[in-house]
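# need a structure here:
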Amino acid sequence: MSDPILSAYRELGTEARSYADPDRALAAARRRRRTRLTASAVVAPLVAGSLAAGMTMTLQPAADPEVPPTAIVAVSSPGLLQAPATTRPLPTGAVRPAVLAYAPCAHGCNALAVLTDGRQFEVPPDPDGVFTGALSLSPDGTWLGYPSSGEYLIRNLTSTQVRRLGPPSEGRRIGAVAWSADSSKLLLFDEPRLGGDATYTMLDVATGKVTTPRVPAGDRAVGILPDGAVLHRPGTPTGQTLALSATDGRAFPIDLGDHLKGGETVQAVRVAPDGTSVYVTVGTLLPGGVSIAVIAATLAGEVRPRQDLAGPAGYWELAGIGPDGPMFSLHADRIDAKQTTLVTITESGPRQGLVITGTGPAEAGAPVVRTPG
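Prediction:
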C-alpha cells in the first residue's frame, strides 16, 4: 500500500468512534483524499454535549408556501433529483412526511428535506454545518432530526410538535444513532468531539420521555429492539464472532467466520425492520477505494450469504434502513463527482434508486444523504 492509503486506513478506527454516522469510517478515505487534493475546509463538527430532558415546543402554525408540487419521489426507484435553483425555509406549520433529507454538497451546503409530494424545503441551518449523520428521518418519514445551534431538534413534520435535546456542554456533540422500526423512539449519542466513549439517550417522541440505556463503556449502541432494549456491540470487534448484546442482558453471538474475506472487519451493524435480524457491514480499504459487503444475520445466529457491493469505482456510505433492506449512497471516486446514487441491498441483490445531483464547486464534495430508518 502507498503511504496515503496506509494513513487513510489508520483513520478508519478513529472515524469509527464518531456516532454522528456509525458508518462514516468506510468513507474516511474519501474525505481525507479530498482534503489532501483540495484546499477546502473540513466541515466544523456539530457542537454538542450532555443531553437534557426532552421537552415539547409548540410552534405557531404557518401557511404552507405556495410551491407547486412535483412528481412524488421514490428514493428506491430510478430517477433524478437535484436541488431547486431557489429554496424556501421549511414551514413552521404542518407539512407532509419526508422521503429524504440531504445536503447538495458535503461542505458549505444547507440541508434540504424532500417531502412525499416532491417539494424541497431548506432545513433550518446550523452554524456548524451539516455532516453525514447529523440528519435523521424516522422510518415513516414523519419525524425529522437535525442540529440547531448546539441542540438537537426532532420535529414532527405533520404537526407543530418539536422535541429538543441539549444544550450541549463544551467539547461534545450529539446526534442520532437509529430509530425504532415503528418510529416511536430515537436513540441518540453524546460524545466528545475529539473522540472517546459515547453515552446514549433514548427519546420517546410521542411523550418526550427520555431514558438512559445502560450501554457498557467502550461499546457502541447500534439499534433498538422491538421490546425497547438497546442492542450494542464491542467498540473494537476482534475475531470472527460478532458479540452483540442487549441492555437487558441477552447475548447474541454471530459467527461470521465463513463469510469474511481476508482483511475485512465489521464497520457497522443495524437492526432490520423485523427486529429479529441485523445487517452487518464489513469492509476493508483497498488502493482503488473501499471494498464493502453486507451480511444479513438473525439474532439467533443464522447467517445469510453476503452481498458484495460491486459497481463503478467509488465509496459507499450507509444512508438508512428501508423495508427491503439497507440503503447506501454510492459516490463516484472523483474529486469533481457531483452525483450520488442510492442503492438498496435487497435479498435478490442490489437495486439502483434515485440519483442525486449535487451543487457547489468541485471541492465542495458529493451530496450528504439520509433516508428513513
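
# shaky segments in this protein?
1-73, 127-133, 168, 287-290, 311-314, 333-337, 362 (pLDDT under 70).

# Give me the phi and psi angles of His259.
phi -120, psi 0 (degrees, to the nearest 10).

# Could you verify my assumption that it touches Glu302?
No - His259 is beyond contact range of Glu302, at 11.6 Å (criterion: Cβ atoms under 8 Å). Any C-beta I mention is one placed from the backbone N, CA and C, and that applies to glycine too.

# I'd like to know which elements the helix or strand containing Ile356 is packed against.
Using DSSP states H and E, Ile356 sits in strand 349-357. On a contact count with 3 or more Cβ pairs under 8 Å, 6 or more residues apart in numbering; DSSP states H and E, strand 349-357 meets strand 79-82, strand 339-346.

# give me that answer again for 10 Å
Judged by 3 or more Cβ pairs under 10 Å, 6 or more residues apart in numbering; DSSP states H and E, the packing partners of strand 349-357 are strand 79-82, strand 98-103, strand 307-308, strand 325-332, strand 339-346, strand 368-370.

# So in that sheet, which strands flank the last one, and in what orientation?
Take DSSP bridges as the rule and strand 368-370 pairs in its sheet with strand 98-103 (antiparallel).

# try the fifth one
According to DSSP bridges, strand 339-346 has the following sheet partners: strand 325-332 (antiparallel), strand 349-357 (antiparallel).

# Centre of the chain to it, how far?
14 Å (Cα atoms, centre = their mean, to the nearest Å).

# Go through that strand and flag the buried ones.
Within strand 339-346, the residues scored as buried using 16 or more other Cβ atoms under 10 Å are 339-345.

# Can you tell me which of those residues comes closest to Asp197?
When the buried residues of strand 339-346 are ranked by distance to Asp197 (Cβ to Cβ), Ile345 comes first, at 30.3 Å.

# isn't the closest one right next to Pro326, touching?
Yes - between Ile345 and Pro326 there is a contact at 5.2 Å, judged by Cβ atoms under 10 Å.

# Dump the strands paired with strand 339-346 to JSON lines, plus distance to Pro216.
Compiled in JSON lines, these are given as follows (distance: least, Cβ to Cβ, whole Å):
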{"stretch": "strand 325-332", "distance to Pro216": "26"}
{"stretch": "strand 349-357", "distance to Pro216": "35"}
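
# right, so those strands: which one is the most enclosed?
Comparing these by mean neighbour count (mean count of other Cβ atoms under 10 Å), strand 325-332 comes out on top with a mean of 24.

# for stretch 196-209, how far is the first residue from the last?
The first and final residues of stretch 196-209 sit 26 Å from each other (Cα to Cα, to the nearest Å).

# err, stretch 357-369, not the other one
11 Å.

# Go through it and flag the buried ones.
Buried residues in stretch 357-369 (16+ other Cβ under 10 Å): 358, 360, 363-369.

# Can you give the distance of that stretch from its chain's centre?
17 Å.

# ok, back up a step: could you pull out the residues contacting both of Ile345 and Pro326?
279, 281, 294, 296, 307, 318 (Cβ atoms under 10 Å, 6 or more residues apart in numbering).

# which of the residues you listed lies closest to Tyr102?
Nearest to Tyr102 among the shared contacts of Ile345 and Pro326, with distances taken as Cβ to Cβ, is Leu318, at 14.2 Å.

# For the closest one, name its beta-bridge partners.
With DSSP bridges as the rule, Leu318 is bridged to Phe328.

# Relative to Ala85, which of the shared contacts of Ile345 and Pro326 is nearest.
Leu318 (30.2 Å).

# count of neighbours near the closest one?
By other Cβ atoms under 10 Å, the residues close to Leu318 number 28.
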